[in-house]
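A.B. asks: Build me a model:
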Amino acid sequence: MRLLTWSVALWASAALPQDAPRTFVNRYCLVCHNHTLRTAGLAFEELPVIEAASGTTDAGATWEHILRKVRTSEMPPPVVPKPDNQSRNAFVAAVQDALDESAALHPDPGRSVVHRLNRVEYGNAVRDLLGLQVDIDSLLPPDDSGYGFDNIGDVLSVSPAFLERCLAAARHISKLALEDAVARRKLLTCEPAPTSANLSCAKAILGSLARHAYRRPIADSDLKPLLVFYASGRRHGGFAAGIEAALRAVLVSPEFLFHIETDPPGSPSVHRVSDLELASRLSFFLWSSIPDDELLNLAAQCRLSDPGELEHQVRRMLADSRSDALVKNFATQWLALSNLRFAGPNPRLFPEFDDGLRQLFRRETELFIEDIFREDRSVTDLWAANFSFLNERLARHYGIDGVQGDEFRRVDFADNRRGGLLGQGSILTVTSYATRTSVVLRGKWILENILGAPPPPPPPDIPSLPQPEKDQEMLAVRRQMERHRSQAACASCHAVMDPLGFALDNYDAVGKWRTEEAGSLIDASARLPDGTEFEGPAGLKAALWDRRQEFVATFTTKLLTFALGRGLEWYDQPTIRAIDRKAARDEFRFSSIVLGIVGSTPFQMRRSN
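C.D. replies: Numbers count the residues shown, from 1 in each chain. Model (predicted):
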């Protein structure tokens, strides 16, 4: 049994090795976090035990918080002696092992809420159900976002106004489905015959429709209300009108609009989801849409949860074009690419920027991410790669020769100026202001999206960046930031953010390469608080490579959030570590992380209360 405790009674015992966490806490933590000072409300002497035999208590949240602070070097603070890497790593490993061992014995998958389809999922479901492409943005209102994504169950509200739009959308789509030749053929799978045979054909059509829309086998009790709508429509307009009325009822049914999971009678508090529920979780994760026939058939036969079959289905689904949803829905939201449409570089300072270039920026990033996912590369290539996808205009904007024509193609870079997300105009533009670059925005973006260590929000009275000097002459960014950082309220956060941003300062506010600003040579050298020194994009990539496990943990955290449709809690952290440990054996390939998520406790299980 593994045991970690910081109670005074055990400090003198042999419960912990003399050179392990106890020594670390004594030396680096207790000076502030003791029962007298209680800095940040924390006293190590009073923290409850992490014990594998009994399971973690609510103190697990505190331990995970401590773990993150120490692992990212936010703690201990600069005012106390700095631990060496060996001591820090030993402490982190010991706490992680205890938390992970306890989580394995006492899994907590979290509680899934009733979860409505978001706008994208609704549109994709209509596409796969009817073979019909509709302008869903004009039919349904935008969805609220939480934790960076618009598929989070807790924030997908159902207002009266939303229901009115759903009713209108169902009327429009059901009518269109009978007018569109492709959709009509897909929907009307049999031809109506005279008199009594009409009902048999209607049952076949509506049974297949409901099975796919509701994502489960259909009983007579499911068909009965649909046949009432069919009969009413048929009386007023014939067979097709009857099918249209029933389709309209399907599209507003809670069985279609919501992910609904149930707890079987007598099931334990923590239990596996059914194969049918697993099929829906899988399809909405990888396709942002409903399961296809193969998934539904396997689920109905209770074969989908077999580990070998499940892996086969994941790989099949990733190879399917519908998995483009992971680029368009997951990756673009994770990287905040939606902000690109709001970017407005000053046309006087950046006359080359227009809406056409904006679209090229976005297309480059989408093609690049799609290549990483489709080719099953290591996810670290997202920022470490030495290639991207360009056409002639974008290559000319970047100062790259030899690319002709409007078609995008892969371009490999030899000079280390470009390659990966950090050299792409989309990211560089959304992390700039209208008139200049921002080392703060760029550093903050890297901390949040690459290292998973977002800085705290600035104090409400934070002073603004100094204005340009006389004659509106812009100071070099580094000189401006040195003035800003000299103020005590700013120093601690900027010491971490600014170096990351300075390394990208050779890129201007629209991603063009430059060597000087305001008449001065660009200084892209940087030094982190831990002493790491680097210069320019190539140096930054090398520094990030040494911290690639932090990026993988960040990527897994974001993808797991998207997969579950909920914010992650402290008890999800052991799952993230388990996924990443396994993925490390496969060089962190994209599929290894996806498979780890699909096979994880929170994806395959649920808590009933």
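
A.B. asks: Export stretch 202-212 to CSV, keeping only CA atoms.
C.D. replies: Listed next in CSV are the C-alpha coordinates belonging to stretch 202-212 (Å, rounded to 0.1, in the frame of the first residue of the first chain):
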residue,chain,number,x,y,z
ALA,A,202,-44.3,3.8,-44.2
LYS,A,203,-43.4,1.6,-41.2
ALA,A,204,-40.2,0.5,-43.0
ILE,A,205,-39.2,4.0,-43.8
LEU,A,206,-39.9,5.5,-40.4
GLY,A,207,-38.4,2.5,-38.6
SER,A,208,-35.1,3.0,-40.4
LEU,A,209,-35.3,6.8,-40.0
ALA,A,210,-36.0,6.6,-36.2
ARG,A,211,-33.3,3.9,-35.7
HIS,A,212,-30.6,6.2,-37.1
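
A.B. asks: Can you tell me what sits against that stretch?
C.D. replies: Stretch 202-212 is contacted from outside by 128-129, 187-190, 192, 217-218, 222-223, 226-227, 230, 234, 239, 242-243, 246-247, 250, 255, 290-291, 293, 296, using CB atoms under 8 Å, 6 or more residues apart in numbering. Glycine gets a C-beta too; all of them are placed from N, C-alpha and C.

A.B. asks: got the buried residues for it?
C.D. replies: Residues of stretch 202-212 classed as buried: 202, 203, 205, 206, 207, 208, 209, 210, 211, 212 (neighbour count, 16 or more other CB atoms under 10 Å).

A.B. asks: so which helix or strand takes in residue 411?
C.D. replies: strand 409-412 (DSSP states H and E).

A.B. asks: name the helices or strands packed onto that strand?
C.D. replies: strand 387-390 (3 or more CB pairs under 8 Å, 6 or more residues apart in numbering; DSSP states H and E).

A.B. asks: The strand it packs on: which residues count as buried?
C.D. replies: Buried residues in strand 387-390, defined by neighbour count with 16+ other CB under 10 Å: 388, 389, 390.

A.B. asks: from those, which is closest to residue 415?
C.D. replies: residue 388 (13.1 Å; CB to CB).

A.B. asks: next structured bit after the least confident helix or strand in the chain by mean pLDDT?
C.D. replies: Ranked by mean pLDDT, DSSP states H and E, the helix or strand of the chain with the weakest confidence is helix 8-11, at a mean of 34. Counting by DSSP H and E, the next helix or strand C-terminal to helix 8-11 is helix 21-28.

A.B. asks: in that next one, what's buried?
C.D. replies: Neighbour count says helix 21-28 has 21, 22, 23, 24, 25, 28 buried, by 16+ other CB under 10 Å.

A.B. asks: Any chance of CSV for these, columns pLDDT and distance to residue 157?
C.D. replies: Output for these, formatted as CSV (pLDDT from 0 to 100; distance: CB to CB, whole Å):
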residue, pLDDT, distance to residue 157
21, 75, 44
22, 77, 48
23, 82, 51
24, 86, 46
25, 86, 45
28, 88, 45
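
A.B. asks: Which members of these are the farthest-apart pair?
C.D. replies: The most widely separated members of the buried residues of helix 21-28, counting by CB to CB, are 22 and 28 (11.5 Å).

A.B. asks: where exactly do the helices run in the stretch 301-450 of the chain?
C.D. replies: 307-319, 325, 332-334, 355-374, 381-384, 392-398, 425-430, 439-449 (DSSP state H, counting those that start in this stretch).

A.B. asks: what helices or strands is the fifth one leaning on?
C.D. replies: Taking 3+ CB pairs under 8 Å, 6+ apart as contact, the helices and strands that helix 381-384 lies on are helix 355-374, helix 536-545, helix 548-564.
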